[in-house]
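> next comes the sequence, and after it the predicted model I'd like to discuss.
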Amino acid sequence: MSLSKKNGTTLVSGGAGFLGSHLCETLLAKGEKVLCVDNFVTGSDRNLAAIHDHPQFRLEARDICEPFDPGIQIGRIYNLGCVASPPHYQADPVQTMRSCVVGTINLLELADRHGARFLQASTSEVYGDPEVHPQNEAYNGNVNCTGPRACYDEGKRAAEAMCFDFKRAGRVDVRVARIFNTYGPRMQPNDGRVVSNMIVQALRGQALTVYGDGSQTRSFCYVGELVDGLYRLMEAEPTPQAQVNLGNPDEFTILELAELIRLQIGAPAGIRFEPLPNDDPQRRRPDIACAIKLLNWRPKTTLQEGLAITVDYFREVVKPGAVPAGV
Ligand code: UDP
């Protein structure tokens, strides 16, 4: 892997969010200067508590949908600037699409002007409700462009399309991470995703909500390992294939996940079945052969291990009156 010379500051859009804040910390620990840009729709200052005063760290509150130039040399751009949890991205679907399309084009143009390398945080959602299992990067997906998830799925697909146009035109050195379900400390208690929902419910002694019959599957990656994968992808030598799946290939049904969380918390929480949302993918598991080959990256944290750390985090967050510190 080439640790090519980084000319300038690394810009992280969405840097105050769940993934972004972990990424900013990792980059600072590697000696990079970091400019974090966030519109604070789902990002939070609290996520940055540990790095807020770091001399190499700068924070700008702004929306990537407005063109901007930070006035310093930018050498790397990680574009994580989009609301990512289904209930949140569906709450303002037009803004979700705008962040994906307008936000990404603004940052690609910024990368072009600065000669910066660009990493797009894409998603397993580009595969939609997949007919191919596990999903590899050659699969073109099965996305419903008229459904409630389309603002995010199609938005991220459009963002990828623009990345590949800038790459084909030789304007920007682009890498695309297709990120599968990720969990860990700093997920918001009201995030709406399954891991945070169930942990918070179990800690509060409430029934765990299972949508549908719980037979649908997901593959969950611990946040620290995912961030390591993003960094490796950014620093890898350019290859003809720019899109790489990042995720943990261990696959679980949602009922299995509920059981693991109940065991972890040791609470006799029941299960409440609720209707399956529209277009909810039935199966999802990444084929990570590319990541192993190109990045020498393979997650090792088991779901049980990662859940133990995440449960400890949420125990602090859901304590009455608690304000979570940066973890
Ligand atoms: N889900 C669930 N209970 C919840 C939240 C989600 O059963 O409280 C299900 C959801 O329907 C989906 C899976 O868990 O099948 C993962 O949902 P999540 O929103 O975490 O992410 P997605 O992979 O759907 O983007």
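Received, thanks. Residues are numbered from 1 along each chain as shown.

> flag every residue of the stretch 51-200 of the chain that's near the ligand.
Applying CB under 6 Å from any ligand atom, we find that the stretch 51-200 of the chain lies next to the ligand at 86, 181, 193-194, 197. Glycine gets a C-beta too; all of them are placed from N, C-alpha and C.

> let me have those residues in TSV, extended by pLDDT.
Listed next are these as TSV, based on pLDDT from 0 to 100:
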residue	pLDDT
86	93
181	98
193	96
194	98
197	97
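
> farthest-apart pair in the residues you listed, please.
Farthest-apart pair in these is 181 and 197; separation 12.8 Å (CB to CB).

> who has more neighbours, those two?
Taking other CB atoms under 10 Å, residue 181 and residue 197 do not tie; residue 197 has more neighbours (22 against 19).

> check contacts around the residue nearest to the more buried one when sequence neighbours are not counted.
Nearest in space to residue 197, with sequence neighbours left out and distances taken as CB to CB, 6 or more residues apart in numbering, is residue 209 at 6.2 Å. By CB atoms under 8 Å, 6 or more residues apart in numbering, the contact set of residue 209 is 197-198, 201, 272, 274.

> what subset of these is buried?
Using 16 or more other CB atoms under 10 Å as the burial test, the contacts of residue 209 include 197-198, 201 as buried.

> out of those residues, which comes closest to the ligand?
residue 197 (3.5 Å; CB to the nearest ligand atom).

> what residues sit buried inside stretch 125-142?
By 16+ other CB under 10 Å, the buried positions in stretch 125-142 come out as 125-130, 134-135, 137, 139, 141.

> strands - which of the contacts of residue 209 land there?
272, 274 (DSSP state E).

> state the distance from the residue nearest to residue 197 to residue 262.
Separation of residue 209 from residue 262 (CB to CB, to the nearest Å): 13 Å.

> who's in contact with residue 284?
Contacts of residue 284 by CB under 8 Å, 6+ apart are 124, 127, 130, 135, 180-181, 217-219, 251.

> element containing it, please.
For residue 284, there is no host helix or strand (DSSP states H and E).

> so that it lines up with my notes, have the first residue be 30 from now on.
Okay, residue one is now 30; in that scheme the one you just asked about reads as residue 313.

> then stretch 147-158 to PDB, C-alphas only?
The C-alpha trace of stretch 147-158 is given here as PDB (Å, rounded to 0.1, in the frame of the first residue of the first chain):
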ATOM      1  CA  PHE A 147     -11.700  11.800  -2.900                       C
ATOM      2  CA  LEU A 148     -13.400   9.000  -1.000                       C
ATOM      3  CA  GLN A 149     -17.100   8.700  -1.400                       C
ATOM      4  CA  ALA A 150     -19.000   7.000   1.500                       C
ATOM      5  CA  SER A 151     -21.400   4.900  -0.500                       C
ATOM      6  CA  THR A 152     -23.600   2.200   0.800                       C
ATOM      7  CA  SER A 153     -24.800  -1.400   0.500                       C
ATOM      8  CA  GLU A 154     -28.100   0.300  -0.300                       C
ATOM      9  CA  VAL A 155     -26.900   0.700  -3.900                       C
ATOM     10  CA  TYR A 156     -27.700  -3.100  -4.100                       C
ATOM     11  CA  GLY A 157     -31.300  -2.500  -3.000                       C
ATOM     12  CA  ASP A 158     -33.100  -5.700  -2.200                       C
END
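
> off-centre distance for that stretch?
When C-alpha coordinates are averaged (CA atoms, centre = their mean, to the nearest Å), stretch 147-158 and its chain have centres 9 Å apart.

> again with stretch 61-80
14 Å.

> in that stretch, what's buried?
Result for stretch 61-80 [16+ other CB under 10 Å]: buried residues 61-68, 70-73, 75-77, 80.

> and which of those is nearest the ligand?
Nearest to the ligand out of the buried residues of stretch 61-80 is residue 71 (CB to the nearest ligand atom; 13.6 Å).

> wait, that closest one sits on residue 112?
Yes: contact criterion CB atoms under 8 Å: residue 71 and residue 112 qualify, at 5.3 Å.

> about what we covered before: next one, pLDDT for the residue nearest to residue 226 please.
Predicted confidence (pLDDT) for residue 238: 98.

> kindly report the same for residue 268.
Looking at residue 268, its pLDDT stands at 84.

> are we agreed that it is in a helix?
No: read with DSSP: H, G, I helix; E, B strand; the rest coil, residue 268 is coil and lies in no helix.
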